[in-house]
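Fold the following for me, if possible:
(4 chains)
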2 protein chains.
Amino acid sequence: MTDKKYCYEYPHPAVTTDIVVFTIREGRLKLLLIKRKISPYKGKWALPGGFVALHEDISQCAARELAEETGVSSVFLEQLGAYGAPKRDPRERVITIAYFALIPSEKIQVQAATDAAAADWFAMDALPELAFDHAEIVEQAKTRLLNKLGHSTIAFQFLADEFTLTDLQKVFEIIQGEEVDKRNFRKWALALNSIEATGKERREGQHRPAKLYRLSSTVQDID
Amino acid sequence: MTDKKYCYEYPHPAVTTDIVVFTIREGRLKLLLIKRKISPYKGKWALPGGFVALHEDISQCAARELAEETGVSSVFLEQLGAYGAPKRDPRERVITIAYFALIPSEKIQVQAATDAAAADWFAMDALPELAFDHAEIVEQAKTRLLNKLGHSTIAFQFLADEFTLTDLQKVFEIIQGEEVDKRNFRKWALALNSIEATGKERREGQHRPAKLYRLSSTVQDID
DNA sequence: TCAAAAGTGTTTGCTATACACCCATGA
DNA sequence: TCATGGGTGTATAGCAAACACTTTTGA
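Coordinates of the predicted model:
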């Protein structure tokens, strides 16, 4: 073991960030996981994350880790909370600040990161066993996502800059796990005053083309 | 300076908890503050809190600090979030996990704590200048309180075990800063299915006695 | 002309709001 | 008997949910 050169008068815990990264792929809500290459939990799947550097803000740390793992930046990133049970990491006291991130399906060539084979997307209803207390963190992230879905504009974070109303509806249906009425949904979405038609259309397949929408510039999220 | 005997291979930040303690006194929403006796911000008012001990959970730490400062335990305590800007404490890197606590007006002989003169209650609309980034933390706690007020049962946390509907209504009016309609409020409160009449009454003053209510046993909060 | 998804209104029930008077008590 | 806060109901408007057919396109 190398020498321990960072010394303090009182004991200090280690601090990490872990990021719950959601996206929608293949019509399912998916979670990004990393295969651990070292002990503890070697070989198990875990949330991407890492130690907070002394000079960086914790949200910067989360953004940096996310960029390193997925290659994407400037995505939706929100703090979920701090997890600090004394024995959650068997090595030493580690407190983690969990974040949750939403990224659009298309933005991700992902796994691009440093080590390819070690990262993968898992459907939320088919998660492997997770390291540490990550299952609990993921559970709370899922709850938060569901709660915010109908009361904010986070659903748009899963979509490209331009999208159809059907695209948006599918995001809701996938996350909520149930179908919604097309007419009511469209009324609701337009009544939000958060999206506007671009004037363009998307043609695909032998049917009527769909109008494209974008987020209005003046959209802000709610706590 | 004493010798620094806790050493690590990589730099570790210090971790504290800070608690935003709200109560209602004198018909106003009040916040508990502690006068700092040491640098930095010596003499300034700050949130109660302290360093996380290595063996305790962070929520235990918050509960412990709260008990030390106010003498109360088993009160509503919820995590608010982590604050970790690199320079928020000029001494060293300190990441704080903020909590918010609600305590009933009567429960507090407070200031009972270790050092009496150094703690005091301040009305939320007349706060002194605060140390560190505590003003920001308080602001977000206030927002959270307002948001949860109508969608959960936290308002009850400000009341004694037995209370009248007028007591409850006053809590809402004080926090929201505006009067509400008595009939609508009572309909709403009873429709919650969270409170039940005790059968007892409170007599005070020359008017009809008020029915006393208590929280039903099966009440749970919403995220 | 057919298949496939886009697009569009009305009815109904529920929830939120506005609003004013009688009741029980102690002095 | 009077002053004080406790307690109660109804009418209206806005929002959420149920529900089915026409339109446009490409093959």
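
Quick check: residues of chain A near DNA strand C?
Neighbours of DNA strand C within chain A, by CB under 7 Å from any atom of the strand: A:164-166, A:182-184, A:186-187, A:201, A:205-211. All C-beta atoms are positioned from the backbone trio N, CA, C, and that covers glycine.

make it 10 Å
Counting by CB under 10 Å from any atom of the strand, the residues of chain A lying close to DNA strand C are A:164-167, A:169-170, A:181-187, A:190, A:197, A:201-213.

now the residues you listed: which count as buried?
Buried members of the residues of chain A next to DNA strand C, counted by 16 or more other CB atoms under 10 Å in any protein chain shown: A:164-165, A:167, A:169-170, A:185, A:210, A:212-213.

before we move on, back to that, please list which of the residues of chain A next to DNA strand C are also close to DNA strand D.
Among these, proximity to DNA strand D is found for A:181-187, A:201, A:203-209 (CB under 10 Å from any atom of the strand).

Tell me which entries of those lie within strands.
residue A:201 (DSSP state E).

Go through the ones next to DNA strand D among the residues of chain A next to DNA strand C and say which is closest to residue A:174.
Taking CB to CB as the measure, residue A:174 lies nearest residue A:185 of these, at 13.3 Å.

is it true that the closest one touches residue A:171?
No. Judged on CB atoms under 8 Å, residue A:185 makes no contact with residue A:171 at a distance of 10.7 Å.

hmm, back to that, among the buried ones among the residues of chain A next to DNA strand C, which two are most distant?
Largest separation among these by CB to CB: A:185 and A:212, giving 16.9 Å.

For the closest residue to residue A:95 other than its chain neighbours, give me its contacts.
Spatial nearest neighbour of residue A:95, excluding adjacent residues (CB to CB, 6 or more residues apart in numbering or on different chains): residue A:84 at 3.9 Å. Residue A:84 is in contact with A:13, A:93-96, B:15, B:52, B:57-58, B:97, counting by CB atoms under 8 Å, 6 or more residues apart in numbering or on different chains.

List the pairing partners of the one helix or strand residue A:17 maps to within its sheet, with orientation.
Element membership for residue A:17, per DSSP states H and E: strand A:14-25. Counting by DSSP bridges, the strands paired with strand A:14-25 are strand A:28-35 (antiparallel), strand A:49-51 (antiparallel), strand A:94-102 (parallel).

and among those strands, the most buried is which?
strand A:94-102 (a mean of 25; mean count of other CB atoms under 10 Å in any protein chain shown).

which element follows that strand toward the C-terminus?
strand A:119-123.

and that next one, what does it pack onto?
Packing partners of strand A:119-123 (3 or more CB pairs under 8 Å, 6 or more residues apart in numbering or on different chains; DSSP states H and E): strand A:28-35.

Return the alpha-carbon coordinates of the strand it packs on using CSV.
C-alpha atoms of strand A:28-35 as CSV (Å, rounded to 0.1, in the frame of the first residue of the first chain):
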residue,chain,number,x,y,z
ARG,A,28,-38.1,0.5,-22.5
LEU,A,29,-36.8,2.6,-19.6
LYS,A,30,-33.1,1.7,-19.2
LEU,A,31,-30.4,2.2,-16.6
LEU,A,32,-26.7,2.6,-17.2
LEU,A,33,-24.6,0.3,-15.1
ILE,A,34,-20.8,-0.3,-14.8
LYS,A,35,-19.2,-3.6,-14.1
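
residues in contact with that strand?
The contact list for strand A:28-35 (CB under 8 Å, 6+ apart) reads A:20-24, A:43-48, A:69-70, A:110, A:117-125, A:127-128, A:130, A:138, A:174-175.

Let me know the angle separating whichever helix in chain A runs longest from strand A:28-35.
Longest helix in chain A by number of residues, with DSSP state H as the criterion: helix A:134-149. Angle, helix A:134-149 to strand A:28-35, by axes from the mean of the first three to the mean of the last three CA atoms, to 10 degrees: 150 degrees.

mind listing what's buried in helix A:134-149?
In helix A:134-149, counting by 16+ other CB under 10 Å, buried: A:134, A:137-138, A:140-142, A:144-145, A:148.

give me the number of residues near the closest residue to residue A:8 other than its chain neighbours?
Ranked by CB to CB, 6+ apart and with sequence neighbours excluded, the top spatial neighbour of residue A:8 is residue B:6, at 4.9 Å. Residue B:6 is flanked by 14 other residues according to other CB atoms under 10 Å in any protein chain shown.

Which neighbouring residues are in contact with residue B:6, exactly?
A:7-12.

Out of the residues you listed, which is nearest to DNA strand C?
The shortest gap between DNA strand C and any of the contacts of residue B:6 belongs to residue A:12, at 47.3 Å (CB to the nearest atom of the strand).

The closest one: neighbour count?
25.

shouldn't it be in contact with residue B:10?
No. The pair residue A:12 and residue B:10 fails to qualify as a contact (CB under 8 Å) at a distance of 10.6 Å.

Centre of the chain to whichever strand or helix holds residue A:167, how far?
The secondary structure element spanning residue A:167 is helix A:165-176 (assigned by DSSP H and E). Taking the mean of its C-alpha atoms, helix A:165-176 sits 17 Å from the chain's own mean (CA atoms, centre = their mean, to the nearest Å).

got the contact list for that helix?
By CB under 8 Å, 6+ apart, helix A:165-176 touches A:24, A:27-29, A:145-146, A:149, A:155-156, A:158-159, A:179-180, A:182, A:185-186, A:189, A:210-211, A:213.

Please spell out which residues along stretch A:44-63 are buried.
Those would be A:44-52, A:56-63, for stretch A:44-63 by 16+ other CB under 10 Å.

Let me know the closest of the buried residues of helix A:134-149 to residue A:105.
Distance to residue A:105 across these (CB to CB) is lowest for residue A:145, with 15.4 Å.

and chain A, what are its domains?
According to automatic domain parsing, chain A comprises the domains A:14-147, A:154-215.

Check the ones you listed for me: which has the lowest mean pLDDT.
Lowest mean pLDDT within these: domain A:14-147, at a mean of 91.

Quick one: end-to-end length of that one, please.
Taking CA to CA, to the nearest Å, the first and last residues of domain A:14-147 lie 31 Å apart.

can it be found next to DNA strand D?
No. Judged by CB under 10 Å from any atom of the strand, domain A:14-147 stays clear of DNA strand D, getting no closer than 14.2 Å.

Would you quantify the distance from the closest residue to residue A:45 other than its chain neighbours to residue B:139?
Closest residue in space to residue A:45, ignoring its immediate chain neighbours: residue A:33 at 4.1 Å, by CB to CB, 6+ apart. Distance, residue A:33 to residue B:139, using CB to CB, to the nearest Å: 36 Å.

repeat for residue A:148
21 Å.

how many neighbours does residue A:89 have?
Other residues lying near residue A:89 total 20 when counted by other CB under 10 Å.

did I read that right, it in a strand?
No. Read with DSSP: H, G, I helix; E, B strand; the rest coil, residue A:89 is coil and lies in no strand.
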